[in-house]
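Student: Sequence and computational prediction follow.
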Amino acid sequence: MKKLQLLIALPSILLLTVALFFHLNYLFYLSLVGVFLAMIIKQFRMRGKMYEMKHPDGVDEDSTEIDVSGDDQ
């Protein structure tokens, strides 16, 4: 995945540089699509490292969630 991200990102960055230097709109939009795809690949790579953060008071000692809504049910 990392090589695919690099394979997409590097040419996109070069295209973006050329597009901005020569004021070419079609290359600008093409390079933005490539950069966007590279960022999506980065998110897929990072999803395994993400974890859900919870409020410390929302979980009891035995890992059961506490009802903090205020309802008496």
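Tutor: That came in fine, so what should we check first? Numbering: from 1, shown residues only.
Student: State the distance from residue 25 to residue 19.
Tutor: Going from residue 25 to residue 19 by Cβ to Cβ, to the nearest Å gives 8 Å. Every residue, glycine included, has its C-beta placed from N, CA and C.
Student: And those two? Which one has more around it.
Tutor: Higher neighbour count among residue 25 and residue 19: residue 19, with 18 against 8, using other Cβ atoms under 10 Å.
Student: which SS class is the more buried one?
Tutor: What DSSP: H, G, I helix; E, B strand; the rest coil gives for residue 19 is helix.
Student: That one touches residue 31, doesn't it?
Tutor: Yes. Between residue 19 and residue 31 there is a contact at 5.7 Å, judged by Cβ atoms under 8 Å.
Student: Pretty sure residue 38 sits against residue 16.
Tutor: No. Residue 38 is not in contact with residue 16 according to Cβ under 8 Å; the separation is 11.4 Å.
Student: neighbours of residue 44, just the number please.
Tutor: If we define neighbours as other Cβ under 10 Å, then residue 44 has 10 of them.
Student: host element of it?
Tutor: Counting by DSSP states H and E, the element that carries residue 44 is helix 25-46.
Student: Report the mean per-residue pLDDT for that helix.
Tutor: In this model, helix 25-46 has an average pLDDT of 92.
Student: Which secondary structure elements does that helix sit against?
Tutor: When contacts are defined as 3 or more Cβ pairs under 8 Å, 6 or more residues apart in numbering; DSSP states H and E, helix 25-46 packs onto helix 2-22.
Student: Now do the buried residues in the helix it packs on.
Tutor: Neighbour counts over helix 2-22 (16 or more other Cβ atoms under 10 Å) mark 5, 8-9, 12, 15-16, 19 as buried.
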